[in-house]
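Student: using only what follows, build the 3D model:
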Amino acid sequence: MNQIDVNNSGVENDEQTDSMLCPLCQTSNQCALTTKQEIENCWCKTAEFPPKSVLLANKLDGSACICQDCLARIKLELALGLKRID
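Tutor: Numbers count the residues shown, from 1 in each chain. Here you go, the predicted structure:
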């Protein structure tokens, strides 16, 4: 994941802004790398993720991190045996 660099105008470019947003809900993903912190400080280092096939079924390609709320939702859907149709 890219660290955030600000261009000369002081405005982040779209790619940098996109990496800060959860691709599912478009809220801040709270990724440590997007706030110029070390990956060891990221919430995801202690999180348990479902199998990659489940993430791919949610149309996640790895271009941006999901947020903690969406991870919890995906895990709940998996536990309940729900399948997304959107």
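Student: show me the helices in this protein, by range?
Tutor: Here the chain has its helices, by DSSP state H, at 14-19, 52-57, 68-80.
Student: of all those, which one is nearest Cys44?
Tutor: helix 68-80 (8.2 Å; CB to CB). Where you see a C-beta, it was placed from the backbone N, CA and C, and this is true even at glycine.
Student: in the closest one, which residues are buried?
Tutor: Cys70, Leu71, Arg73, Ile74 (16 or more other CB atoms under 10 Å).
Student: CA atoms of that helix as PDB?
Tutor: Written as PDB, here are the backbone C-alpha positions of helix 68-80 (Å, rounded to 0.1, in the frame of the first residue of the first chain):
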ATOM      1  CA  GLN A  68     -12.800  -3.000  10.700                       C
ATOM      2  CA  ASP A  69     -16.600  -2.700  10.400                       C
ATOM      3  CA  CYS A  70     -16.700  -4.300   7.000                       C
ATOM      4  CA  LEU A  71     -14.300  -7.100   8.100                       C
ATOM      5  CA  ALA A  72     -16.700  -7.800  11.000                       C
ATOM      6  CA  ARG A  73     -19.700  -7.800   8.600                       C
ATOM      7  CA  ILE A  74     -18.000 -10.200   6.200                       C
ATOM      8  CA  LYS A  75     -17.100 -12.500   9.100                       C
ATOM      9  CA  LEU A  76     -20.700 -12.400  10.400                       C
ATOM     10  CA  GLU A  77     -22.100 -13.100   7.000                       C
ATOM     11  CA  LEU A  78     -19.700 -16.100   6.700                       C
ATOM     12  CA  ALA A  79     -20.700 -17.400  10.200                       C
ATOM     13  CA  LEU A  80     -24.400 -17.100   9.300                       C
END
